[in-house]
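**Student:** give me the fold of what follows.
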Amino acid sequence: MTGASGPGIGREQARDLARRELARAIYRPSLLSRWWQDFQRWLSSLRGPAGEPNWLAVAVLVVIVVLALSAAFYWLGSPSASRRKRAEPIMGDRPRTAAQYRRAAEELAASGNHQEAIAELVRAIAADLEAREILLRRTARTADELAAEAAMAFPEEAAELAAAARLFDEVRYGGRPGSQAGYTRIQRLDGRLASATPQAQAGLVATGAAG
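**Tutor:** Next up, the predicted model:
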């Protein structure tokens, strides 16, 4: 049958059109919405039939929250403590030569202690650049400051210097275990810097940044 506005639609055809329309993605709840609904249903299940709390389920929830917070604190540490520690100098009160730091790093890596080996190699980089008068001697230099100042002298190594600073902070202050791959990466950076010639103006720029 044809109406004034065009051909009519039969019952079966209308049902098919409605089914296809409702199947479109805009009518389906998002994944986040479904998770929220599942979470709400789970919260409702914490109450027993008479409306009394299901104390076993509540206890399980508390344990999960405590474990999650403990894990986050272990891996990330206290934010204020982390910021304070990362502001500490990479050199100790008794700085050594680059050769001494490298020798200590090799011994630590050979024993499987890549965490401390990485830290010693970053110190070796700082000691070597200071001995070559590329950087001004500073006992209070942090890993980030080392990366920033050394990048002025070796701009092509800026990315690797920044990565070395991050790795130093992770193993030294973040409690992250070192790895052979991380140690090898810093070792190669140290080798390249030791044999590289800094840019002519880099020494003056680094000295100005250190002052």
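
**Student:** now E149: how far from R176?
**Tutor:** Using C-beta to C-beta, to the nearest Å, one obtains 24 Å as the distance from E149 to R176. The way it works is simple: take the backbone N, C-alpha and C, and place the C-beta from them, glycine included.

**Student:** compare the two (neighbour count), which wins?
**Tutor:** Counted by other C-beta atoms under 10 Å, E149 and R176 do not tie: E149 has more neighbours, with 24 against 15.

**Student:** the more buried one: which element?
**Tutor:** E149 is part of helix 143-153, with elements assigned from DSSP states H and E.

**Student:** contacts for the next helix or strand along the chain from that helix?
**Tutor:** The element immediately downstream of helix 143-153 (helix or strand, assigned by DSSP H and E) is helix 158-172. Contacts with helix 158-172, where a contact means C-beta atoms under 8 Å, 6 or more residues apart in numbering, come from 85-86, 90, 114-116, 118-119, 122, 125, 143-144, 146-147, 150-151, 154, 176-178, 182, 185-186, 189.

**Student:** buried ones among those residues?
**Tutor:** Applying 16 or more other C-beta atoms under 10 Å to the contacts of helix 158-172, the neighbour count classes 86, 90, 114-116, 118-119, 122, 125, 143-144, 146-147, 150-151, 154, 178, 182, 185-186, 189 as buried.

**Student:** what angle separates the helix holding E149 from helix 158-172?
**Tutor:** With axes from the mean of the first three to the mean of the last three C-alpha atoms, to 10 degrees applied, the angle from helix 143-153 to helix 158-172 works out at 160 degrees.

**Student:** helices or strands up against helix 143-153?
**Tutor:** Helices and strands touching helix 143-153, by 3 or more C-beta pairs under 8 Å, 6 or more residues apart in numbering; DSSP states H and E, are helix 114-131, helix 158-172, helix 202-210.

**Student:** got any ranges where the chain has weak pLDDT?
**Tutor:** The chain contains residues with pLDDT under 70 at 1-9, 19, 21-31, 42-43, 45-58, 60-61, 69-87, 92-93, 200-211.

**Student:** all strands of it, in order?
**Tutor:** Taking DSSP state E, the strands of the chain run over residues 2-3, 6-7.
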